[in-house]
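Enquirer: Turn this into a structure:
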Amino acid sequence: MGRQSNEKPPEPGAEPSTLELDAMRDGAPRSNVPVGAKRQILSGLNTWQRRVLTLTLAILGTALLSALNMPLPFLFGPLFACIIAAVAGVPLKGVGQVAVGARTILGVAIGAAITPAVLHELPRMMASVALIPIYISVIGLIGVPYFYKVCKFDFVTSYYAAMPGGLQDMVIFGTEAGGDVRALALIHATRVLIIVTLAPIIMIYGFDVALDNPIGAPASELPLWQMGLMVLLAVVGWKGGERLGLFGASILGPLILTAAFSLMGFIHSRPPAEAILVAQFFIGMGIGVNYVGVTLPEIRRDVVAGFVYVLILAALAAVFTEAVVYFEAGHAVEGFLAFAPGGQAEMTVLAIVAGADLGFVIMHHVIRVLFVITGAPLVARLLKVRPKT
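Expert: Numbering: from 1, shown residues only. Okay, the predicted model is just below:
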């Protein structure tokens, strides 16, 4: 597009003139620069500039929520700051492997919680674990018709949108089967977002749980060799899991290795509090970045469909939580967190700050995701869900 002349004001979205660019650099009032010019300049940022912008907004969101004394500022600060910016059209960019690496911290935290005492409690968990296949089946029987009949998605997209597995896994499987990749990404991102947002409110006002449990000892109180061992287990577990094709390798790989070292008596505590906060920060930012480029039609269709579906899932989770309590298979808070259809990482954070039984909660989420990831392609094949030609 050519540059606009001085006789004619630029069209919305037009490339800014040299004069306009100079004015912006020289600190001219923002009102003198057309909105289209601002967007054009933002869209011209390179990858690293977009990442710096994203990190800056996430840090500002964290600082604001901390100043307001809001719960979980390191999770919700970057989450809401990035969502608002993404919906406003700011070209955010995630930090790639850095964010994935941050998830290894939670894998180590979970693994450190698996001790001989937890193993003795496994028989107690079996009754509630047995509910997971029923839970997933009910979700499928309700969710697929909801997306297909009510929301009018194609059958492939409906099937993978209904399955409460990992966001990335369901998007990949659905895309390979010919589903709508953008719709799947937005629906699952909305599922995780709403669960992460509502769960703390339900825990505070529904279960009277204060989300102020210490997330870990400060780094200054932990032996250097312990922290060094945790870093080693995180990296080896993550990369080794990827080489083996382990789903959720960034969490499950470190989890498995750390659990083994915990059971052998080499790991005695969770990662330092500072590390847990870093993990929260990147999880929140990652959820927000998923909404980059969202349009109003997508909000009306995909995001609203995902929001309503979360309400359905929440009702189902409440029923199964009651079943856990009724059969005395676990406490109400653990049952709620175990069956809440959020991501492993997000539920780990909430279990830690709530002081819940981390082993109980994560055992259920790992088994749920395992069932969905291994079962979804098999069920799809039985239902003749095939890639589009």
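Enquirer: can you map out the helices along the stretch 251-389 of the chain?
Expert: Per DSSP state H, counting those that start in this stretch, the stretch 251-389 of the chain carries helices over the ranges 273-289, 296-298, 304-326, 332-339, 344-354, 358-382.
Enquirer: TSV please, covering the ones you listed and showing mean pLDDT and mean neighbour count.
Expert: Heads up, the C-betas are built off the backbone N, CA and C, glycines and all. Formatted as TSV, these follow (pLDDT from 0 to 100; neighbours: other C-beta atoms under 10 Å):
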stretch	mean pLDDT	mean neighbour count
helix 273-289	92	23
helix 296-298	89	11
helix 304-326	92	18
helix 332-339	91	26
helix 344-354	85	25
helix 358-382	78	19
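Enquirer: Mind putting the ones you listed into TSV with distance to residue 145?
Expert: Below are the helices of the stretch 251-389 of the chain laid out as TSV (distance: least, C-beta to C-beta, whole Å):
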stretch	distance to residue 145
helix 273-289	27
helix 296-298	22
helix 304-326	11
helix 332-339	21
helix 344-354	27
helix 358-382	15
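Enquirer: closest one to residue 82 among the ones you listed?
Expert: Shortest distance between residue 82 and the helices of the stretch 251-389 of the chain, using C-beta to C-beta, is found for helix 273-289: 2.5 Å.
Enquirer: got the contact list for the helix or strand harbouring residue 227?
Expert: When secondary structure is defined by DSSP states H and E, residue 227 falls within helix 224-243. When contacts are taken as C-beta atoms under 8 Å, 6 or more residues apart in numbering, the neighbours of helix 224-243 outside the stretch itself are 100-101, 104-105, 107-108, 111-112, 219, 249-250, 252-258, 261, 266-269, 271-272.
Enquirer: Show the buried residues in those.
Expert: Members of these that pass the buried threshold by neighbour count (16 or more other C-beta atoms under 10 Å) are listed as 100-101, 104-105, 107-108, 111-112, 249-250, 252-258, 261, 267, 269, 271-272.
Enquirer: In strands, which of those fall?
Expert: Of those, none are assigned to strands by DSSP state E.
Enquirer: dump the residue contacts of residue 54.
Expert: The contact partners of residue 54, taken as C-beta under 8 Å, 6+ apart, are 82, 85, 92-95, 285, 289.
Enquirer: Looking at these, point me to the pair that's furthest apart.
Expert: Largest separation among those by C-beta to C-beta: 85 and 95, giving 15.0 Å.
Enquirer: Neighbour count for these two, which is higher?
Expert: Between residue 85 and residue 95, residue 85 has the larger neighbour count (other C-beta atoms under 10 Å), namely 22 against 18.
Enquirer: Okay, and the more buried one sits in which element?
Expert: Assessed by DSSP H and E, residue 85 sits inside helix 73-87.
Enquirer: tell me which residues in that helix are buried?
Expert: Taking 16+ other C-beta under 10 Å as the neighbour-count basis, helix 73-87 is seen to contain the buried residues 73-83, 85-87.
Enquirer: again, but for stretch 114-131
Expert: Using 16+ other C-beta under 10 Å as the burial criterion, the residues of stretch 114-131 that qualify are 114-115, 118, 125, 128-129, 131.
Enquirer: Neighbours of residue 176, how many?
Expert: Taking other C-beta under 10 Å as the definition, residue 176 ends up with a neighbour count of 14.
Enquirer: which stretches of the stretch 101-250 of the chain have low pLDDT?
Expert: Segments of the stretch 101-250 of the chain classed as low confidence (criterion: pLDDT under 70) are 166, 168-169, 247.
Enquirer: Helices of that one, start to end?
Expert: With DSSP H, counting those that start in this stretch applied, the stretch 101-250 of the chain shows helices at 116-120, 122-129, 132-145, 155-162, 167-176, 181-205, 224-243, 249-263, listed in chain order.
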